[in-house]
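*Asks:* sequence unknown, structure follows:
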């Protein structure tokens, strides 16, 4: 079997285990969609200013934010928790003793996470368009949106791989993943939009970490705000850093 | 000579490995022949897992030569991975696949896999083919481990403590599967700390203690077991004592033991006396040291010399 076939085959098995596992199917897939419905129903009729001259419905804002959150959940949370469990239970070590190249095995998870991300973004966008008349990216802005989506998904996958290097065991995985991502989701304005009078330190946290940049890129697609290529660069830089960390420190054996 | 044709499956010379300042293996020499079931027997912490994991390529050795199927296992070369099946001491499977899917997934990693149905039959899991793996019993999960190791139709199988922690019936299940592997002509290397397991399964075995091979042979003759003195046990009515010429040792409750230099002669003399004197020899039996006796003696020697070292 050549590498492409091996990869395709591996994605098939990752996909099977993903949907049969209630934890991943619920927390990764249903959670972002649930938040989307709750936030838009609760706050959708409010409006928010996105620039000095323009304000939009919060519903549209949440369609963009929840699309970003869905990608983070499908990539970062899903990969970090899933891989930590596989490593801890010895699945990774067992796999290491078989001829499948490590790169193909890992890529199988990454491709699957990207696939789930795209489905979630499509559902989110469809929901927004159907119930809240959210505008959808078209033409050149769709291309830029797609670039942000792919770069973002790759980066959050890489961050997922990187964080497994500090997760000591399967029990600690959900705690560490949530502890690293939840505060940043809030500080980056995913759940509650950052107003113009947000404290300076918070603005800086949002500027340093990749989540806000990613969310801004997604917003540009849905809301029509300016697409800033710098956002893509910051997100990509985090991705490259995370890839290097995982490449150096990733282990196939349980960390005991 | 082509390594594939060599009668030696594994050769190990002067193998050393240390963790921090603890020597786990202190110069191990061993040869395992093609087609045999070889058991590495030793107490916990003797270096069994370190040894097999070096052969499997999971750990790197400090020194010595190791050839597995003619290939150096360091860094797990692909040429070796395709020909070896590994059952680790403990390793899970993806819990949400069923038995057949799991075996099929691992089969797909190999260039010349064995058919899934055939593997299911070999390990006796045909009835469980559509069962989710997390619903299998311990013995069934272990048989699934063996099934996965067989997926690539390997020449050589490693089984690290295949039955540790199992109840007797689960152990039997796994044993029967391992015994069946012999009919496939596979070379099997297993580690265990159970004497009965080694005795039941192995063609040849080595005892490892404190990082060294202390004895090697087949289960019947290990460490001269077959040549050791047999003992004749029997009990007599109160007050009756057998005549002098035996190397006789009296135990409690009128039980006696004879260390027999010549079992045939001693038994003849004893029974002739008993018949002549009209005495019944209750519970008469002849015993040789069991594999367990030999093993405990071998590993105790090492433990003693070790505590001696520590005292210095």
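*Replies:* Here it is on my side, so go on. For clarity, every value in this text was computed on a predicted model and none was experimentally measured. Numbering: from 1, shown residues only, chains lettered A, B, ... in the order given.
*Asks:* Can you say which helix or strand has the residue nearest in space to the middle of chain A in it?
*Replies:* Closest residue to the average C-alpha location of chain A: residue A:72 at 1.6 Å, with Cα atoms, centre = their mean. Using DSSP states H and E, residue A:72 maps to helix A:58-72.
*Asks:* Now do the helix or strand that that helix is followed by: which elements does it pack against?
*Replies:* The element immediately downstream of helix A:58-72 (helix or strand, assigned by DSSP H and E) is helix A:78-88. Secondary-structure packing of helix A:78-88 (3 or more Cβ pairs under 8 Å, 6 or more residues apart in numbering or on different chains; DSSP states H and E): helix A:91-96, helix A:102-132, helix A:139-164, helix A:173-187. Any C-beta I mention is one placed from the backbone N, CA and C, and that applies to glycine too.
*Asks:* Mind doing that once more with 6 Å?
*Replies:* Contact here means 3 or more Cβ pairs under 6 Å, 6 or more residues apart in numbering or on different chains; DSSP states H and E; on that basis helix A:78-88 packs against helix A:102-132, helix A:139-164, helix A:173-187.
*Asks:* where in the chain is pLDDT low?
*Replies:* I went with chain A, as the question did not name one. Chain A contains residues with pLDDT under 70 at A:1.
*Asks:* You answered for a different chain; I wanted chain B.
*Replies:* B:1-5, B:223-229, B:244-246, B:301-312.
*Asks:* now the strands for it?
*Replies:* B:8-19, B:22-33, B:37-41, B:63-68, B:84-87, B:156-160, B:187-192, B:204-209, B:212-217, B:230-235, B:248-250, B:255-260, B:282-287 (DSSP state E).
*Asks:* okay if I get those as TSV plus distance to chain A and mean neighbour count?
*Replies:* Shown next, in TSV, are the strands of chain B (distance: least, Cβ to the nearest Cβ, whole Å; neighbours: other Cβ atoms under 10 Å in any protein chain shown):
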stretch	distance to chain A	mean neighbour count
strand B:8-19	13	17
strand B:22-33	16	18
strand B:37-41	18	26
strand B:63-68	12	17
strand B:84-87	4	26
strand B:156-160	9	23
strand B:187-192	14	24
strand B:204-209	22	24
strand B:212-217	24	18
strand B:230-235	45	18
strand B:248-250	50	13
strand B:255-260	48	17
strand B:282-287	42	11
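*Asks:* Can you tell me which residues in the stretch 1-150 of chain A are near chain B?
*Replies:* By Cβ under 6 Å from any Cβ of the partner chain, the residues of the stretch 1-150 of chain A that approach chain B are A:9, A:13, A:17, A:20-21, A:89-91, A:93-94, A:97-100.
*Asks:* Please list only the buried members of those residues.
*Replies:* Of the members of the residues of the stretch 1-150 of chain A next to chain B, the ones counted as buried by neighbours, 16 or more other Cβ atoms under 10 Å in any protein chain shown, are A:9, A:13, A:17, A:21, A:89-91, A:93-94, A:97-100.
*Asks:* Quick check: closest non-adjacent residue to residue A:205.
*Replies:* Once flanking residues are discounted, residue A:205 sits nearest to residue A:187: 4.7 Å by Cβ to Cβ, 6 or more residues apart in numbering or on different chains.
*Asks:* on that earlier part again, include distance to residue B:108 when you put the strands of chain B into TSV, please.
*Replies:* Putting the strands of chain B into TSV (distance: least, Cβ to Cβ, whole Å) gives the following:
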stretch	distance to residue B:108
strand B:8-19	26
strand B:22-33	29
strand B:37-41	28
strand B:63-68	24
strand B:84-87	15
strand B:156-160	19
strand B:187-192	24
strand B:204-209	35
strand B:212-217	38
strand B:230-235	55
strand B:248-250	64
strand B:255-260	60
strand B:282-287	53
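*Asks:* Of all these, which one comes closest to residue A:66?
*Replies:* Comparison of those against residue A:66 by Cβ to Cβ identifies strand B:84-87 as nearest, at 44.1 Å.
*Asks:* Pull the residues that contact that closest one.
*Replies:* For strand B:84-87, the surrounding residues in contact (Cβ atoms under 6 Å, 6 or more residues apart in numbering or on different chains) are A:97, B:56, B:145, B:146, B:149, B:150, B:154, B:156, B:157, B:158, B:159.
*Asks:* Contacts only, for the last one.
*Replies:* For residue B:159, the set of contacting residues under the criterion of Cβ under 6 Å, 6+ apart consists of B:87, B:190.
*Asks:* I figured the residue nearest to the centre of chain A hits residue A:153, correct?
*Replies:* No. Using Cβ atoms under 6 Å, residue A:72 is not in contact with residue A:153, being 9.0 Å away.
*Asks:* Count the residues that sit near the residue of the stretch 201-312 of chain B found nearest chain A.
*Replies:* Residue of the stretch 201-312 of chain B nearest chain A, by Cβ to the nearest Cβ: residue B:211 (21.2 Å). Residue B:211 is flanked by 23 other residues according to other Cβ atoms under 10 Å in any protein chain shown.
*Asks:* contacting residues around it?
*Replies:* B:23, B:24, B:25, B:26, B:47.
*Asks:* out of the residues you listed, who's nearest residue A:169?
*Replies:* residue B:24 (23.8 Å).
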